[in-house]
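> Build the 3D model from these lines:
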Amino acid sequence: MQSSFVIDLGNHAQVPVISFTATNPSLSSPRSGYFVRATLNDLSQVQAITSLIQAFGWRNVVPIYVDDDFGKGIIPSLTSALNEIGTQIHYQSAINPSVIDQEIVAELYKLMTMQTRVFVLHMAYYLGSRVLNKAQEVGMMTEGYVWIVSDGITNPLNWMGTSLVGSFKGLIGIKAYVPRSRMLDNFTLRWEGKSSKYANVDVYGLWAYDATTALAMAIEKVGSMNNNFKKMSSSRNFVNLGSYIHRVLSSIRFNGLSGDFHLVNGQLQSLGFEIVNGIGDGEKVIGFWTTRNGIVRELNSKEKVGIRDIIWPGEATSVPKGWVIPTNGKKLKIGIPVEEGYSDFVNLIRDQSTNSTRVTGFSIDVFEAVMAALPYDVPSEYIPFTKPNGSSSGSYDELVYQVFLGNFDAVVGDVTIRENRSLYVDFTLPYTESGINMIVPVKDKKAKNAWVFLKPLTWDLWVTSFCFFIFIGFVIWILEHGRNEDFNGTLPQQLGTSFWFSFSTMIFSHKEKVVSNLSRLVVIIWCFVVLILTQSYTASLSSTLTIKQLEPIFTSVEELIEKGEIVGYRKGSFVQGLLRNSRMSKLKEYKTTDDLHIKFSKGEIGAAFDESPYMKNFLAKHCSTYTMVGPTLKASGFGFVFPKGSPLVPDISRAILHVTEGEKMENIEKAWFRKQANCLDPSTSTLSSSLGINSFWGLFVIVGVATSFALIIFTSMLVYDNKNILMQIHPKDIWKNFTTSNRESSGTCTDSVDETNVCPNLSNNEEETMCDQEN
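Numbering: from 1, shown residues only. The predicted model follows:
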């Protein structure tokens, strides 16, 4: 009030009014054109305080200020600056200038019951020292607390009384920077010589000295420029002289005791601020703040390497979290959604006899398990988001917005983490799987018909097997022909016997004997292959006939779009917007899971989309009828909602990880999403396919090599035994003679010839000659 009155007098008389202590921002206005502030405006330290809070990540602070123009002048700008960095002010403590100690103690006890432990103290030194003394007495200068004091307290900090030293231990202060100079050192020495008569000088004294020097320089400059100065000063032109001095004073710039003295629009410009730490017996500089570089360790350094180590209240060396659980017994008001048809997540049970409510559900159990994992107790109460008649009071977006308005301290339920919601609230880490899945009906993959017996094997395996049966019959005929009566006879009889022998090995009913060791080798290997083929065929056919093999009727979003199928979505869900963005225009809403099942049964929809937790819950009841395909669209999962900057979010997020990675989460899921006993989950059923050649090519290679080996040995032996005869036969007659029927059709040499000694069928003259030689 006194400052404003003097400023008004100066404006009326058009005389400069110079002040080196008036820091109140409200004093600077267009109406105070003759006011010269030879000290720093309190607003100049707002950004320094804000940068300090941002550097340590504190999200809530409580300003404590004197309840007058000086104290209240900084609060609007401080609040705005903190909001820009995401730090909230939920309470402001205004201290009356004439407050008594008992009232200070009462206010401090009130602050102790709150969650925030970061305090910004802005008041004059004489009142601030009283508040800090009482804070020490009630235990608010212990570990966990943070005190940031403005320059109204720190500027005279070096000259405080020894009885106040303990009160400043651990606090952080913003202090006007005064550079060291030879001029300042000489002045300090001369001043200390008079210390027995005068008090120590602080920065305000330096500003006063520089302001006086500036005024003298201005008057001297005016006098040197105007020869009529003495005449003007004693005449009625004194008003014009004051205006002229004011203009000249604004242009004065020099290096004074406080550094560069420079006025802009009647305001002394700041050189920056020191960040000091109270260490009990004084202070230490831990960093600097400048408009250009922000917080730096050294004033002339542009590298933001952080400030030096800090001794916090209670002689702690670790950075305080800035919050604790309230000690006033206040419970967190937890808002819960009320939605019909999804009671497995949040279920509100009303007891009509006692008029009380009880909340259960998957989300509630997870939240309580998470809170139990915290290293401290957080009392809470559930408050349904309902109207008086019990119906829901609004959408999920409206429920989340209640946290921003302060009506709820948190929201617990099946609330999806969304980007638009995160603009005004904070989410914990998700406690459910993320993603939006597609649910579609399933059908039996294998149609049961008259030709189902062909399904176990692929066509290439059928053809390969048939060819090998023919090949084995041919090989056995070659190896046994001419020495085994079962494989002799007319040509049709030989072909029939050979193929009958080969195909009868499928059921191991072949009765023909083989006399050649090579034939026996081939038959043994082939029977082994046939055994594996028949057993595999039997197993695959049994699976095809007995096991229900399910597959989804649709497998992708593109297939739905191509066929123009109608797609279902949950009423009120954000999924509707995502589906429209995915070029699906035929949409139909459903209210509950039962309603979804009915729409599928009636064929009203071909598929449905929703978040993974909802779909898992639906499949737990209908897993033999539907299957989940996806995830097809992205979502962030369910999370718990807290106010912006809530200190509980990091701890609860860590507790969520602890719960979800352990057995507790699995037990909760089993309790709420238990599958039916007779339920066959199509997502885990085995869809067997036909057996192909790739599974048996090794066996066919073995058979091929063995038969080829047998044929090579047989041919070699045959050529060796008949080498003399073969040398007399024309090459073109070899095959003709080999395929000619035996003695029954062409004759034998004599009746006494042994059955196995059959002459080769040659021409008549050659035959007689050879037979005579043999006989």
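> which regions of the stretch 1-150 of the chain sit below the pLDDT cut-off?
1, 29-32 (pLDDT under 70).
> So which residues of it form helices?
In the stretch 1-150 of the chain, the helices defined using DSSP state H, counting those that start in this stretch lie at 2-13, 46-56, 69-72, 75-84, 101-112, 125-138.
> wait, residue 88 sits on residue 643?
Yes. Between residue 88 and residue 643 there is a contact at 7.4 Å, judged by Cβ atoms under 8 Å. C-beta coordinates here come from the backbone N, C-alpha and C atoms, glycine included.
> neighbours around residue 662, how many?
Residue 662: 12 surrounding residues under other Cβ atoms under 10 Å.
> circling back: of all the helices of the stretch 1-150 of the chain, which one comes closest to residue 314?
Checking the helices of the stretch 1-150 of the chain against residue 314 by Cβ to Cβ gives helix 125-138 as the closest, at 10.8 Å.
> any residues touching the closest one, and which ones?
64, 66, 95, 97, 99, 101, 104-105, 108-109, 112, 121, 123, 141, 147, 149, 152-153, 155-156, 160, 164, 166-168, 171 (Cβ atoms under 8 Å, 6 or more residues apart in numbering).
> rerun that using 7 Å as the cut-off
With Cβ atoms under 7 Å, 6 or more residues apart in numbering as the contact definition, helix 125-138 has outside contacts at 64, 66, 95, 97, 101, 104-105, 108-109, 121, 141, 149, 152-153, 156, 164, 166-168.
> who does the helix or strand hosting residue 437 pair up with?
Taking DSSP states H and E as the criterion, residue 437 maps to strand 436-444. Here strand 436-444 has these sheet partners by DSSP bridges: strand 550-552 (antiparallel), strand 607-611 (antiparallel), strand 626-633 (antiparallel).
> wait, which of the ones you listed is closest to residue 717?
Across these, closest to residue 717 is strand 550-552 (Cβ to Cβ), at 56.9 Å.
> that older thread, buried residues in the strand holding residue 437?
Applying a neighbour-count criterion of 16 or more other Cβ atoms under 10 Å, one finds 436, 437, 438, 439, 440, 441, 442 buried in strand 436-444.
> Would you list the buried entries among the contacts of helix 125-138?
Among the contacts of helix 125-138, the ones that count as buried by 16+ other Cβ under 10 Å are 64, 66, 95, 104, 108, 121, 141, 149, 152-153, 156, 167-168.
> before we move on, back to that, with pLDDT and distance to residue 618 as new columns, can the buried residues of strand 436-444 be given to me in JSON lines?
Output for the buried residues of strand 436-444, formatted as JSON lines (pLDDT from 0 to 100; distance: Cβ to Cβ, whole Å):
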{"residue": "436", "pLDDT": "86", "distance to residue 618": "13"}
{"residue": "437", "pLDDT": "85", "distance to residue 618": "10"}
{"residue": "438", "pLDDT": "88", "distance to residue 618": "12"}
{"residue": "439", "pLDDT": "88", "distance to residue 618": "6"}
{"residue": "440", "pLDDT": "88", "distance to residue 618": "12"}
{"residue": "441", "pLDDT": "87", "distance to residue 618": "12"}
{"residue": "442", "pLDDT": "83", "distance to residue 618": "13"}
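> From these, pick the one nearest residue 606.
residue 440 (7.0 Å).
> ok, the closest one to residue 522 distance?
53 Å (Cβ to Cβ, to the nearest Å).
> Now do the phi/psi pair for the nearest residue to residue 456 once chain neighbours are set aside.
Residue nearest to residue 456 in three dimensions, not counting chain neighbours: residue 540, with 3.5 Å by Cβ to Cβ, 6 or more residues apart in numbering. As for residue 540, its main-chain torsions (degrees, to the nearest 10) stand at phi -70, psi -40.
> how near is residue 540 to residue 70?
91 Å.
> Going by how many neighbours each has, rank those two and give me the top one.
It is residue 70, of residue 540 and residue 70, that has more neighbours when counted by other Cβ under 10 Å, with 22 against 17.
> Pretty sure that one sits against residue 25.
No. Using Cβ atoms under 7 Å, residue 70 is not in contact with residue 25; the gap is 9.4 Å.
> which other residues reach stretch 627-641?
Contacts of stretch 627-641 (Cβ under 7 Å, 6+ apart): 363, 367, 400, 403, 410-412, 414-417, 425, 427-440, 442, 552, 555, 557, 578, 611-613, 615, 619, 652, 682-683.
> out of those residues, which are inside helices?
Members of the contacts of stretch 627-641 lying in helices (criterion: DSSP state H): 363, 367, 400, 403, 557, 578, 612, 613, 615, 619, 652.
> would JSON lines of the residues you listed with pLDDT and neighbour count be doable?
Formatted as JSON lines, the ones in helices among the contacts of stretch 627-641 follow (pLDDT from 0 to 100; neighbours: other Cβ atoms under 10 Å):
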{"residue": "363", "pLDDT": "93", "neighbour count": "27"}
{"residue": "367", "pLDDT": "95", "neighbour count": "27"}
{"residue": "400", "pLDDT": "94", "neighbour count": "24"}
{"residue": "403", "pLDDT": "92", "neighbour count": "23"}
{"residue": "557", "pLDDT": "82", "neighbour count": "20"}
{"residue": "578", "pLDDT": "83", "neighbour count": "17"}
{"residue": "612", "pLDDT": "84", "neighbour count": "19"}
{"residue": "613", "pLDDT": "85", "neighbour count": "26"}
{"residue": "615", "pLDDT": "84", "neighbour count": "26"}
{"residue": "619", "pLDDT": "84", "neighbour count": "22"}
{"residue": "652", "pLDDT": "92", "neighbour count": "23"}
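> any chance of those residues in TSV, plus distance to residue 190?
Listed next are the ones in helices among the contacts of stretch 627-641 as TSV, based on distance: Cβ to Cβ, whole Å:
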residue	distance to residue 190
363	74
367	69
400	66
403	62
557	86
578	77
612	79
613	78
615	84
619	89
652	61
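> Most widely separated two among these?
557 and 652 (35.2 Å).
> before we move on, back to that, which ones among the buried ones among the contacts of helix 125-138 lie within strands?
When DSSP state E is applied, the buried ones among the contacts of helix 125-138 are split such that 64, 66, 95, 121, 149 fall in strands.
> between these, which is nearest residue 14?
Nearest member of those to residue 14, counting by Cβ to Cβ, is residue 66, at 32.6 Å.
> Now for the closest one: which residues touch it?
Going by Cβ under 7 Å, 6+ apart, residue 66 touches 95, 97, 123, 124, 127.
> distance of the nearest residue to it once chain neighbours are set aside from residue 606?
Spatial nearest neighbour of residue 66, excluding adjacent residues (Cβ to Cβ, 6+ apart): residue 123 at 3.9 Å. Noted for residue 123: a distance of 70 Å to residue 606, by Cβ to Cβ.
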